[in-house]
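Student: okay, sequence plus prediction incoming.
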Amino acid sequence: MITRINPPELGSPPGYSQIVEVTAGRIIFIAGQTALDRDGNVVGRNDFAVQAEQVFQNLAIALQAIGCTAANLVKLTVFLTDMDNLGRYREARNRFFASVTPVAAPAVTLVEVSKLYGPDFLIEIEAIAAA
């Protein structure tokens with residue numbers, strides 16, 4: 001069971017939860033996903049919005065492989081190389097989490113980093129799911 005909690009003292013953040021409590025039989029760790037397609041090609045070189053969509057598509061594929069959906073995500077760690085892309089990240093995130101009912105809202109940590117493991121990557125997301 002996954003319970004998402006936003007104590008009034010912490011406020012209700014847009015698109016994520018302050019606390020996610022998990023009582024589950026399985027905890028799944030998903031490696032950092034970047035904008036690579038199945039053949040290892042970078043999708044959306046120099047286009048953050050396209051890369052973000054690919055990253056969330058890759059997360060969906062990983063979740064499907066273990067019989068889960070976005071609703072099973074309990075924690076995301078998001079790495080952006082430029083915080084100016086925050087709005088575009090949020091748009092892609094909101095579309096992804098709106099794909100399930102009720103809309104999922106995992107706990108999230110988001111940081112700007114100087115670079116990712118490949119010079120063309122603008123975003124990377126690692127995830128924890130529970131089922």
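Tutor: Sure, I can see it. Numbers count the residues shown, from 1 in each chain.
Student: alpha carbons of the lengthiest helix in the chain, as CSV, please.
Tutor: Ranked by residue count, the top helix of the chain under DSSP state H comes out as helix 48-65. The C-alpha trace of helix 48-65 is given here as CSV (Å, rounded to 0.1, in the frame of the first residue of the first chain):
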residue,chain,number,x,y,z
PHE,A,48,15.1,19.5,-23.3
ALA,A,49,11.4,18.9,-23.8
VAL,A,50,12.0,16.0,-26.2
GLN,A,51,14.6,14.5,-23.8
ALA,A,52,12.3,14.8,-20.8
GLU,A,53,9.5,13.0,-22.8
GLN,A,54,12.0,10.2,-23.6
VAL,A,55,13.1,9.9,-20.0
PHE,A,56,9.5,9.5,-18.8
GLN,A,57,8.9,7.0,-21.7
ASN,A,58,11.9,5.0,-20.5
LEU,A,59,10.6,5.1,-16.9
ALA,A,60,7.2,3.8,-18.2
ILE,A,61,9.0,1.0,-20.1
ALA,A,62,10.9,0.0,-16.9
LEU,A,63,7.8,0.1,-14.8
GLN,A,64,5.8,-2.0,-17.3
ALA,A,65,8.6,-4.6,-17.4
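Student: got the contact list for the helix or strand following it?
Tutor: Per DSSP states H and E, the first helix or strand lying C-terminal to helix 48-65 is strand 73-80. Residues from elsewhere that reach strand 73-80, judged by C-beta atoms under 8 Å, 6 or more residues apart in numbering: 2, 16, 20, 22, 32, 59, 63, 86, 89, 104, 106-113, 116, 122-130. Any C-beta I mention is one placed from the backbone N, CA and C, and that applies to glycine too.
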